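J.: How does the following fold in three dimensions:
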Amino acid sequence: MVKVCIWMDVPSHYQSAFFNALDRRDDVDIKVCYVQGVSKARVAQGWSSRHTYQSYECCVAGLSLQERLASIPDWEEYIHIISSQISYEQVQFFCAHGATWCHWSEAPGFRLAELVSYRMRLFRLLKPLMLKSKYKDSLCLRRHALAVFGQGSMATQSFRTMGVPARKIFDLYYSPSPLIPMSPSEAVVQFAGRRNVFLNVGALCQRKGIDVLLRAFSKLDTEDWCLVLCGLDRAEGSYQALARRLGIAEQVLFLGAYPVEQIAEVYAAADVFILSSRFDGWGAVLNEAASLGLPLIGTDLCGASWHIIKEGVNGLRVKSESLSSLKKAMKFYVMDTEKISFHGKASKEIYFNEFTPERNALRLIEGLKASGGIIHEK
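T.: Sure thing, here's the model as predicted:
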């Protein structure tokens, strides 16, 4: 029996199914501790304001480190998996007391991308230097972590660049549950009419590449397709203004934030899903779109694009911030709509073969075994 305690920043519907899958395993005793509750910003994006805590979950917001650990009387017996948002104080405490712990995070880079104002050519040049400068982090991971779990190859490659030995590094993804099919959104259906639908789900902001997506769509020169943007507007209407300037306002639906409980109906109304982000550590919307059988287009600086998208099988991977690359991928489906069905079917197969919560639970156990994780009996 492996006793695992996972420390997370906030409850997330993108992770709940994975934790439930771990809890269902006979060989795992799981606890999950959240150091914060769901933020107002997340609620504004469509997340539920309330999280139903399972028997293995607890919220330790506002508690000192000693109080956090006191909520787990036998905490010394657990393998602790710590997300990137948890404090160094906790890591240092575990190191000082000989506790077994692992790191788990997306690819580093959010802060750097913000600092260079999402100029991704500059980001690509500076990222290796940024990673090699993380000497303190690298030393801690090399000396003390049992294993380092990365959310996909973007993350694992970053850890190797930091100097973490390859033998310590393992994949562990975001793995939301498959969306339950729903009837297509009436708002999208009415807007689309007889047109095919490109869909993007995510906040309307610079990091998500909404400007690149709008410009690429405007270059397609087709009246047979429309574009639906589903997400919280963080740009105060500037993208609506851009759509008007580009002459595509009648072909773009700004749907706004959508409740996560109903998001499947938006996917159900689409034909092709696009993740146009300049940078995303993973991009769980690709999981969701694949689970409902949509072809996928994703940028090469989104972690999930390197795993859920199989080039030419269920979609296309494009260069981040590249107008011409994104336009070419979108044009592929405009010119050959028969591929939509074939690629959509492949997306669903890829999801259910490789990216279910159950498969991710097994992935964690395999990583712990390969790293020599200590197994404790109840």
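J.: Would you state the strands of the stretch 1-150 of the chain in chain order?
T.: Taking DSSP state E, counting those that start in this stretch to define them, one finds strands in the stretch 1-150 of the chain at 2-8, 28-34, 57-59, 79-83, 100-105, 148-150.
J.: So which of those strands has the densest surroundings on average?
T.: A comparison of the strands of the stretch 1-150 of the chain by mean neighbour count, using mean count of other CB atoms under 10 Å, puts strand 148-150 on top with a mean of 26. C-beta coordinates here come from the backbone N, C-alpha and C atoms, glycine included.
J.: how much does the helix or strand just after it deviate in direction from strand 100-105?
T.: Read in the C-terminal direction, the helix or strand following strand 148-150 is helix 153-162, with elements assigned using DSSP states H and E. Interaxial angle, helix 153-162 versus strand 100-105 (axes from the mean of the first three to the mean of the last three CA atoms, to 10 degrees): 120 degrees.
J.: Okay, buried residues for helix 153-162 please.
T.: By 16 or more other CB atoms under 10 Å, the buried positions in helix 153-162 come out as 154-156, 158-162.
J.: out of those, who's nearest Lys345?
T.: Minimum separation from Lys345 among the buried residues of helix 153-162 (CB to CB) is found for Met154, which lies at 26.8 Å.
J.: ok, and the closest non-adjacent residue to the closest one?
T.: For Met154, ignoring the flanking residues on the chain, the nearest one in space by CB to CB, 6 or more residues apart in numbering is Ala107 at 4.0 Å.
J.: Show the contacting residues for that neighbour.
T.: Contacts here follow CB atoms under 8 Å, 6 or more residues apart in numbering; on that basis Ala107 touches 150-152, 154-155, 157-158, 281, 303.
J.: Widest-spaced pair of those?
T.: With CB to CB as the measure, no two of the contacts of Ala107 lie farther apart than Gln157 and Gly281, at 12.6 Å.
J.: Save the strands of the stretch 1-150 of the chain as JSON lines, and put in mean pLDDT and distance to Tyr174 too.
T.: Compiled in JSON lines, these are given as follows (pLDDT from 0 to 100; distance: least, CB to CB, whole Å):
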{"stretch": "strand 2-8", "mean pLDDT": "94", "distance to Tyr174": "12"}
{"stretch": "strand 28-34", "mean pLDDT": "94", "distance to Tyr174": "15"}
{"stretch": "strand 57-59", "mean pLDDT": "91", "distance to Tyr174": "18"}
{"stretch": "strand 79-83", "mean pLDDT": "92", "distance to Tyr174": "12"}
{"stretch": "strand 100-105", "mean pLDDT": "94", "distance to Tyr174": "11"}
{"stretch": "strand 148-150", "mean pLDDT": "96", "distance to Tyr174": "12"}
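J.: can you tell which of the ones you listed is closest to Gly373?
T.: The minimum distance between Gly373 and those falls on strand 79-83, with 5.5 Å, by CB to CB.
J.: Describe which strands the closest one pairs with in its sheet and in which direction.
T.: The strands that strand 79-83 pairs with in its sheet are strand 2-8 (parallel), strand 100-105 (parallel) (by DSSP bridges).
J.: before we move on, back to that, could you report the separation of the residue nearest to Met154 from Pro128?
T.: 12 Å (CB to CB, to the nearest Å).
J.: before we move on, what about Leu242?
T.: Using CB to CB, which is the criterion applied here, Leu242 is 33 Å from Pro128.
J.: for Ser238, same thing?
T.: Ser238 is 33 Å from Pro128, where distance means CB to CB.
J.: Then Ser153?
T.: Ser153 sits 15 Å away from Pro128, taking CB to CB as the criterion.
J.: Please parse this protein into its domains.
T.: Listed domain ranges for the chain are 2-176+356-370, 186-353 (source: automatic domain parsing).
J.: Could you identify which of these is most buried?
T.: Note that of the domains of the chain, domain 186-353 is the most buried (mean count of other CB under 10 Å), with a mean of 20.
J.: That one: end-to-end distance?
T.: Here the two ends of domain 186-353 are set 31 Å apart, with distance taken as CA to CA, to the nearest Å.
J.: What of stretch 279-290?
T.: 20 Å.
J.: Quick one: distance of it to the chain centre.
T.: A distance of 5 Å separates the centroid of the chain from that of stretch 279-290, by CA atoms, centre = their mean, to the nearest Å.
J.: Surely Tyr14 and Ser177 touch.
T.: No. With contact taken as CB atoms under 8 Å, Tyr14 and Ser177 are classed as non-touching, separated by 9.3 Å.
J.: other SSEs contacting the helix of greatest length in the chain?
T.: Counting residues, the longest helix found in the chain (DSSP state H) is helix 338-354. Contacts defined by 3 or more CB pairs under 8 Å, 6 or more residues apart in numbering; DSSP states H and E place helix 338-354 against helix 285-291, helix 323-335.
J.: relative to helix 338-354, how tilted is whatever helix or strand comes next after it?
T.: Remark: after helix 338-354, the chain's next helix or strand is helix 357-370, criterion DSSP H and E. With the same axes, to 10 degrees as the criterion, the two stretches helix 357-370 and helix 338-354 enclose an angle of 50 degrees.
J.: Show me the contact partners of helix 357-370.
T.: 2, 4, 17-18, 20-22, 25, 27-28, 79, 102, 146-147, 149, 170-173, 175-177, 353.
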